[in-house]
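Peer 1: The sequence and its predicted three-dimensional model are supplied below.
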Amino acid sequence: MEIFVNGRAQTLSRMMTLQKLLIELKVKHPKGVAVALNGKVVPKAKLDSTTIQQNDSVDIVHAVGGG
Amino acid sequence: MSDPLIIGDRKFSSRLILGTGKYRSLEIMAKAIESSGTQIVTVAMRRLNFSQKSRKSIIDHIDRKKITLLPNTAGCHTAKEAILTSELAREALGTDMIKLEVIGDDRTLYPDNQALLEAARELTRRRFVVLPYTSDDLVICRKLEEVGCAAVMPLGAPIGSGLGIRNPINIQLIINSANIPVIVDAGVGTASDATQAMELGAAGVLMNTGIARAEDPVKMASAMKMAVESGRLAHASGRIPVKLYGSASSPVEGLIKA
């Protein structure tokens, strides 16, 4: 299954939830991290119940230095 | 707390807001935050870089018990991007405060005020506490206030330029007409720029490059702290009117004649 993570194409070997994807990507502490699926924010409480679909676009963001 | 800066329903004793970009290290940034006495710092929201080995987060260097995070929408060019970035920031950092920025020109980094107003309207509707970075224009600032922004943040000069307050008259006109805090954002190069903004009656000053890129950012942060306090105090003290000719400070009677 082809998806896009932070703008890059990626192939998933199996169906998974956003929570599983974060674990696979080693984003272990989702504190300070937010996820958007196809341009809509997915609240932390729903990461585990949201399954990724073919061609989905996932954004995983965090805070960095800025003015 | 005497003379607090009030943004929405929050009160702050410091009127200096610091950006966290461009520091040589996170350690120097943390020291500069400390010596500035600031209680609000801005951060940007970016995609995680999975190839980066170190995942040390900037958040770990900021004491959130003392410091309020003000995420920004820096780099956004449309209202849609700015709204999504704001929502991501709220989810990631658990704050509803947002420094709203919609860039309209990449060379000057001047804001796209039309898109800014559109984003501000939507974000206040979604219960964000919106602090928009805007050009030093009285009319756009008034419109931003009308749509429910918690403050307006006109620029003193282009971001990172260090040119100081290029149009103090415009800043003055904005301050005179606003009913919400006016925070001068961008352009400050040295302490006197910050003092000038505060003397004009600004509620606060937001700066990043002026401190982060100084030779000694920690010392400059301390200078800026005093500059903002001095300017505020001078503003509250009621300065003397400017006169064209001199008027002696010593008595003119009883002069010694020879």
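Peer 2: Arrived safely, thanks for sending.
Peer 1: Please identify the helix or strand for residue B:159.
Peer 2: Using DSSP states H and E, residue B:159 sits within no helix or strand.
Peer 1: May I have the predicted confidence score for it?
Peer 2: The score at residue B:159 is 94. That number is its pLDDT.
Peer 1: Repeat that for residue B:127.
Peer 2: We have a pLDDT of 97 for residue B:127.
Peer 1: what does chain B put close to chain A?
Peer 2: B:19-23, B:26, B:29, B:42-48, B:50, B:57-59, B:69, B:71-72, B:74, B:84, B:87-93, B:159-160, B:186, B:206-209 (C-beta under 8 Å from any C-beta of the partner chain). All C-beta atoms are positioned from the backbone trio N, CA, C, and that covers glycine.
Peer 1: Show only the entries of these found in helices.
Peer 2: Secondary structure from DSSP state H places B:26, B:29, B:84, B:87-93, B:209 of these in helices.
Peer 1: which of those tops the neighbour count?
Peer 2: For those, neighbours were counted using other C-beta atoms under 10 Å in any protein chain shown, and residue B:89 has the most, 28 neighbours in all.
Peer 1: Please spell out the PyMOL selection for the buried subset of the residues of chain B next to chain A.
Peer 2: Those of the residues of chain B next to chain A that count as buried under 16 or more other C-beta atoms under 10 Å in any protein chain shown are selected in PyMOL with:
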select buried, chain B and resi 19+20+21+22+23+26+29+42+43+44+45+46+48+57+58+59+69+71+72+74+84+87+88+89+90+91+92+93+159+160+186+206+207+208+209
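Peer 1: re the thing from before, quick one: the ones in helices among the residues of chain B next to chain A as CSV, columns for distance to residue B:232 and pLDDT too.
Peer 2: Formatted as CSV, those follow (distance: C-beta to C-beta, whole Å; pLDDT from 0 to 100):
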residue, distance to residue B:232, pLDDT
B:26, 30, 94
B:29, 25, 97
B:84, 36, 97
B:87, 34, 98
B:88, 34, 98
B:89, 29, 98
B:90, 31, 97
B:91, 35, 96
B:92, 33, 96
B:93, 28, 96
B:209, 22, 97
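Peer 1: farthest-separated two in these?
Peer 2: Largest separation among these by C-beta to C-beta: B:91 and B:209, giving 28.5 Å.
Peer 1: just checking, residue B:71 touches residue B:91?
Peer 2: No - using C-beta atoms under 8 Å, residue B:71 is not in contact with residue B:91, being 10.5 Å away.
Peer 1: list the buried ones in the host helix or strand of residue B:236?
Peer 2: Taking DSSP H and E as the criterion, residue B:236 maps to helix B:217-237. Residues of helix B:217-237 classed as buried by neighbour count (16+ other C-beta under 10 Å): B:217-218, B:220-225, B:227-232, B:235.
Peer 1: and of those residues, the nearest to chain A?
Peer 2: residue B:217 (12.5 Å; C-beta to the nearest C-beta).
Peer 1: Dump the helix holding residue B:236 to PDB, keeping only the CA atoms.
Peer 2: C-alpha atoms of helix B:217-237 as PDB (Å, rounded to 0.1, in the frame of the first residue of the first chain):
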ATOM      1  CA  PRO B 217      23.200  36.500  22.700                       C
ATOM      2  CA  VAL B 218      23.000  36.100  26.400                       C
ATOM      3  CA  LYS B 219      24.300  39.600  27.100                       C
ATOM      4  CA  MET B 220      22.100  41.100  24.400                       C
ATOM      5  CA  ALA B 221      19.100  39.300  25.900                       C
ATOM      6  CA  SER B 222      19.800  41.100  29.200                       C
ATOM      7  CA  ALA B 223      20.200  44.400  27.400                       C
ATOM      8  CA  MET B 224      16.800  43.900  25.700                       C
ATOM      9  CA  LYS B 225      15.200  43.100  29.000                       C
ATOM     10  CA  MET B 226      16.400  46.500  30.400                       C
ATOM     11  CA  ALA B 227      15.600  48.300  27.200                       C
ATOM     12  CA  VAL B 228      12.000  47.100  27.200                       C
ATOM     13  CA  GLU B 229      11.600  48.000  30.900                       C
ATOM     14  CA  SER B 230      13.200  51.400  30.400                       C
ATOM     15  CA  GLY B 231      11.000  52.300  27.500                       C
ATOM     16  CA  ARG B 232       7.900  51.200  29.300                       C
ATOM     17  CA  LEU B 233       8.800  53.200  32.400                       C
ATOM     18  CA  ALA B 234       9.600  56.300  30.300                       C
ATOM     19  CA  HIS B 235       6.300  56.000  28.500                       C
ATOM     20  CA  ALA B 236       4.500  55.900  31.800                       C
ATOM     21  CA  SER B 237       6.400  58.800  33.100                       C
END
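Peer 1: contacting residues around it?
Peer 2: B:3, B:14-16, B:18, B:23-24, B:28-29, B:31-38, B:188, B:190-192, B:194-202, B:204-205, B:207, B:210-211, B:214 (C-beta atoms under 8 Å, 6 or more residues apart in numbering or on different chains).
Peer 1: Check stretch B:158-168 too.
Peer 2: Here stretch B:158-168 makes contact (C-beta under 8 Å, 6+ apart) with A:67, B:108-110, B:136, B:156-157, B:171, B:184, B:186-190, B:192-193, B:196-197, B:200, B:208-210.
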